[in-house]
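Engineer: just a sequence and a predicted model for now, questions to come.
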Amino acid sequence: MTKPNVREKKVFNFEDVPEHTSFEAGYLVSINSGWRSIRPVVNAEKCIGCMQCYLYCPDGVISIQENKAVIDYDFCKGCGICSKICKPGAIGMERER
Amino acid sequence: MSVSAKTLDKNEYFYGHKACAGCGGSLAVRNVLKVLGEHTVAVLPAGCMSAVGFNFPQLCFANNAIISTFAGTASMMTGIEAGFRRRGIKDFTVVGFAGDGGTADIGIQALSGAIDRNDNIIYICYDNEAYMNTGIQKSGLTPFGAKTTTTPAGQNIHGNIRPKKNMFEIVAAHDIPYAATATIGYMNDFLHKVEKAAHIQGTKYIHVIAPCPTGWGIPVSDTIDAAREIVDCGLWYLAEYENHKFKISRDPKTFTSVEEYLRKQARFKHLTDEDIKTITDSRDKKWEFIRKNWN
């Protein structure tokens, strides 16, 4: 699986900003984990790998590895859609500490 | 044709974007790109998806993507398609993601022109029923009764006084090769339609309902539920237009309560029982028309 990944944050001078509408695709410099007040937690025992959370996650942070849902907490915004969509109730929402 | 969660491309092409939590539009963009694959050029006019996807140097599309003028989504797609064709490149798809305002109000002439030329493009209208990016102003696709900043709810006028523009039938009236309506709540149906569109030559148009928790006034976790309920209660319909014919994809035998759907959303909170009856009656009239003339 490939996806846009986080690069080292460069300092862009005014001269470095592209004049044309062209720049490298999939270039990330910041993460979204600070947006969250609650976080989804997968209960691996209950997870049946049905992929519904993966299909409905607006941020695409859920992947299925070895038939279990795995969450990329760097980019999860904690919306809770995965928890609601999960029929076996394997994803719970916990308060961020 | 069998696109499903299991067969979907595992790579992510729209990742790390700055859309609000629970954004319906970003889910539509993400999954459409997964169906169409990496040789896709996405064209995005001014709107939420360009605002959250391109924050230099944070660029969230893994495939080629470009911001167009607000009015020129379809014309830019025409140009990209012609450019690839001229260079002899064959393995590509040109897709556009415009919001409801960018489609039904500002971009309608460019879209109409592209359909007239029958350019080989896929146009996706993600409909969140107002100009959400600039702070919730009424668009041509805002439904009757919805409160926006330009159609406030007062004692005399209860939000938007005009019904939703019938964009799907306007597009179909061009005799387009393929047009469809969908909702992100029924993702398999939506993705099937995208896959079908990808295999058809000519202009394709898909109108997908993508709730905006911020603008609709619903909890962020309820996006999918709202996108399902709007179809279940009959205020939106899933249909296709192909070979000069309309076809319903989902014909609910009984509708769920319109009132229940409306009362969950802050933008409809002010509606009186009479307003809700107006909405229910217009729904019944619409479905009477659909059942009589389509199929």
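Structural biologist: The structure has been received and is ready for your questions. Numbering: from 1, shown residues only, chains lettered A, B, ... in the order given.
Engineer: is A:I48 in a helix, a strand, or coil?
Structural biologist: Reducing the assignment at A:I48 to three states with DSSP: H, G, I helix; E, B strand; the rest coil gives coil.
Engineer: same question, B:S50
Structural biologist: What three-state DSSP gives for B:S50 is helix.
Engineer: can you list the low-confidence ranges for the stretch 151-295 of chain B?
Structural biologist: Counting by pLDDT under 70, the stretch 151-295 of chain B has no low-confidence residues at all.
Engineer: stretch B:191-209: end-to-end distance?
Structural biologist: From its first residue to its last, stretch B:191-209 covers 13 Å (CA to CA, to the nearest Å).
Engineer: buried set for that stretch?
Structural biologist: Of the residues in stretch B:191-209, those buried under the neighbour-count criterion (16 or more other CB atoms under 10 Å in any protein chain shown) are B:191-198, B:203-209. Just so you know, the C-beta spots here come from the backbone N, C-alpha and C atoms, and that holds for glycine as well.
Engineer: over to stretch B:75-94?
Structural biologist: Buried residues in stretch B:75-94, defined by neighbour count with 16+ other CB under 10 Å: B:75-78, B:80-81, B:84, B:92-94.
Engineer: nearest to chain A, of the residues you listed?
Structural biologist: Each of the buried residues of stretch B:75-94 was scored against chain A by CB to the nearest CB, and B:M76 proved nearest at 10.9 Å.
Engineer: so, low pLDDT: which residues of chain A?
Structural biologist: A:21.
Engineer: again, only this time at 90
Structural biologist: Judged against pLDDT under 90, the low-scoring parts of chain A cover residues A:1-27, A:33, A:96-97.
Engineer: what sits against the closest residue to chain A within the stretch 51-200 of chain B?
Structural biologist: Proximity to chain A, evaluated over the stretch 51-200 of chain B using CB to the nearest CB, is greatest for B:A62 at 3.9 Å. Contacts here follow CB atoms under 8 Å, 6 or more residues apart in numbering or on different chains; on that basis B:A62 touches A:2-4, A:25-26, B:11-15, B:38.
Engineer: can you tell me which of those residues are buried?
Structural biologist: A:3-4, A:26, B:11-15.
Engineer: rebuild these as TSV, extending it with secondary structure and distance to B:A153.
Structural biologist: Below are those laid out as TSV (DSSP: H, G, I helix; E, B strand; the rest coil; distance: CB to CB, whole Å):
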residue	secondary structure	distance to B:A153
A:K3	coil	42
A:P4	coil	41
A:G26	coil	43
B:N11	coil	44
B:E12	coil	40
B:Y13	coil	39
B:F14	strand	35
B:Y15	coil	38
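Engineer: tell me where chain A has helices.
Structural biologist: Counting by DSSP state H, chain A has helices at residues A:52-56, A:81-85.
Engineer: can I get the ones you listed in CSV with mean neighbour count and distance to B:Q137?
Structural biologist: Written out in CSV, the entries for the helices of chain A read as follows (neighbours: other CB atoms under 10 Å in any protein chain shown; distance: least, CB to CB, whole Å):
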stretch, mean neighbour count, distance to B:Q137
helix A:52-56, 22, 28
helix A:81-85, 22, 26
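Engineer: chain A contacts on the stretch 151-295 of chain B?
Structural biologist: B:187, B:213, B:219-225 (CB under 8 Å from any CB of the partner chain).
Engineer: how close does B:I184 get to B:G25?
Structural biologist: For B:I184, the distance to B:G25 equals 9 Å [CB to CB, to the nearest Å].
Engineer: what does B:N120 give?
Structural biologist: From B:N120 to B:G25 the distance is 24 Å (CB to CB).
Engineer: between the two, which one's more packed in?
Structural biologist: When B:N120 and B:G25 are compared on other CB atoms under 10 Å in any protein chain shown, the one with more neighbours turns out to be B:G25, at 29 against 21.
Engineer: now the single nearest residue of the stretch 101-250 of chain B relative to chain A: closest residue in space that isn't a chain neighbour?
Structural biologist: Across the stretch 101-250 of chain B, the shortest distance to chain A (CB to the nearest CB) belongs to B:S221, at 3.4 Å. In this structure, B:S221 finds its nearest non-sequential neighbour in A:G80, 3.4 Å apart by CB to CB, 6 or more residues apart in numbering or on different chains.
Engineer: I figured that neighbour hits B:T223, correct?
Structural biologist: No - with contact taken as CB atoms under 8 Å, A:G80 and B:T223 are classed as non-touching, separated by 9.7 Å.
Engineer: show me where the stretch 151-295 of chain B has its strands.
Structural biologist: B:178-183, B:204-209, B:239-242, B:245-248 (DSSP state E, counting those that start in this stretch).
Engineer: all strands for the stretch 1-150 of chain B, in order.
Structural biologist: B:40-44, B:54-55, B:58-59, B:64-67, B:93-99, B:122-127.
Engineer: nearest to B:K165, out of the ones you listed?
Structural biologist: Each of the strands of the stretch 1-150 of chain B was checked against B:K165 via CB to CB, and the shortest separation belongs to strand B:122-127, namely 10.3 Å.
Engineer: each with direction, which strands does the closest one pair with?
Structural biologist: Each strand that strand B:122-127 pairs with, and the sense of that pairing, follows from DSSP bridges: strand B:93-99 (parallel), strand B:204-209 (parallel).
Engineer: which of the buried ones among the contacts of B:A62 sits closest to A:F14?
Structural biologist: Distances from the buried ones among the contacts of B:A62 to A:F14 were compared by CB to CB; the smallest belongs to A:G26, at 24.0 Å.
Engineer: now A:I81: how far from B:T148?
Structural biologist: As it turns out, when the distance is counted by CB to CB, A:I81 lies 24 Å from B:T148.
Engineer: cool, and B:K10?
Structural biologist: Taking CB to CB, one finds B:K10 at 39 Å from B:T148.
Engineer: settle it for me: which of the two has more neighbours?
Structural biologist: When B:K10 is set against B:T148 and neighbours are counted by other CB under 10 Å, the residue ahead is B:T148, at 21 against 12.
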